[in-house]
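In: coords please:
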Amino acid sequence: MNKTQSEFRKGFQSGVSIAIGYAPVALTFGLLAKTTGLSFGETVLMSLIVYAGASQYISLSLLTLGTGIFEIILTTFIVNIRHFLMSAALNEKCEEDQLVNKAVYSFGITDETFSVAAMRDDTVTTGYMFGLNLISYMSWVICSGIGFLLGASLPQTLQESMSIALYAMFIGLLVPSMKKSVKVVCLAALAACFNTIFSLTNALSTGWAIVIATLLSAVIIELMEGVKNKQRGSKGEK
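Out: Numbering: from 1, shown residues only. The predicted structure is shown next:
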């Protein structure tokens, strides 16, 4: 019991920096959720159940466009596919435990908690993961609610104008990645072209246009990358 408490405390302490980092992002989410038209209960419930920053922001954007529920679920699923890889990789570093315990703390795995846990020198214990996830989860949920309440106190005109902040947030997330990789630039440009074509021709609804454009651009870029690597390999052999 003492060892478990000690590991929980270590995890909790390791998660303090993550909790601090989550606070402004969660506050912004709560604020935008209010301007999107969600209620306080819906905002907090989304953070409680979904607990995925990028997916929650995407959901707000899709809800604003009037996208259907199935398209929203499929889009967020695609965005979160990386969690399969993160969970599988972290499982190799975690101690053996009951499946139910692993299932509970795997819910709290995010990009940040995964990075902290994966960089730990010792074996990642269940107590450590519960402590790490708990403080991060609490920060996200509580600050989402606070952000909503802050948004409710703003003048109506300012609330309505805050909808543009959602697009500014996506640009802020995309630009740093585009600076680091030409591949990301090509992916974003191709997805934008596909989505524009689908929208202008009314070939697909808004939700499906985003989903199909994302999938098509990802497949095409990866095929091109594979062909390029294959050609490099052939030249190297020669």
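In: State the distance from the closest residue to residue 23 other than its chain neighbours to residue 126.
Out: Leaving aside its chain neighbours, residue 23 sits nearest to residue 143 (4.8 Å; criterion: C-beta to C-beta, 6 or more residues apart in numbering). C-beta coordinates here come from the backbone N, C-alpha and C atoms, glycine included. Separation of residue 143 from residue 126 (C-beta to C-beta, to the nearest Å): 26 Å.
In: ok, now residue 97?
Out: Noted for residue 97: a distance of 5 Å to residue 126, by C-beta to C-beta.
In: Quick check on the two: which one has the bigger neighbour count.
Out: Per other C-beta atoms under 10 Å, whichever of residue 97 and residue 126 has more neighbours is residue 126, with 20 against 13.
In: mind checking how far that one is from residue 96?
Out: Residue 126 sits 10 Å away from residue 96 when distances are taken as C-beta to C-beta.
In: Which positions within the longest helix along the chain qualify as buried?
Out: Counting by DSSP state H, the longest helix found in the chain is helix 206-237. For helix 206-237, burial by neighbour count (16 or more other C-beta atoms under 10 Å) applies to 206, 207, 208, 209, 210, 211, 212, 213, 214, 216, 217, 221.
In: From those residues, pick the one nearest residue 2.
Out: residue 214 (48.8 Å; C-beta to C-beta).
In: tally of neighbours for residue 36?
Out: Quick note: residue 36 (other C-beta under 10 Å) scores 18 neighbours.
In: for residue 124, which residues make a bridge with it?
Out: With DSSP bridges applied, residue 124 shows beta-bridge pairing to residue 94.
In: Would you confirm that it contacts residue 93?
Out: Yes - at 5.0 Å, residue 124 and residue 93 qualify as touching, with contact defined as C-beta atoms under 8 Å.
In: So these two - more neighbours on which side?
Out: residue 124 (21 against 13).
In: List the contacts of the more buried one.
Out: Residues near residue 124 by C-beta atoms under 8 Å, 6 or more residues apart in numbering: 90, 93, 94, 95, 117.
In: so what does whichever strand or helix holds residue 139 touch, helix or strand wise?
Out: Per DSSP states H and E: residue 139 is located in helix 126-152. Other elements packing on helix 126-152 under the criterion 3 or more C-beta pairs under 8 Å, 6 or more residues apart in numbering; DSSP states H and E are helix 2-14, helix 16-36, helix 40-49, helix 99-106, helix 111-118.
In: After the third one, which helix or strand is next?
Out: Put plainly, it is helix 40-49. Following helix 40-49 in sequence order, the next helix or strand is helix 53-64 (DSSP H and E).
In: Find the nearest non-adjacent residue to residue 91, please.
Out: Among residues not flanking residue 91 along the chain, residue 102 sits closest, at 7.4 Å (C-beta to C-beta, 6+ apart).
In: pretty sure the one you found contacts residue 90?
Out: No - taking contacts as C-beta under 8 Å, residue 102 lies outside contact range of residue 90: 9.7 Å.
In: Pull out the buried positions in the helix holding residue 139.
Out: Under the neighbour-count criterion of 16+ other C-beta under 10 Å, helix 126-152 has 126-137, 139-145, 147-148, 151 buried.
In: For residue 187, give its distance to residue 225.
Out: Using C-beta to C-beta, residue 187 is found at 10 Å from residue 225.
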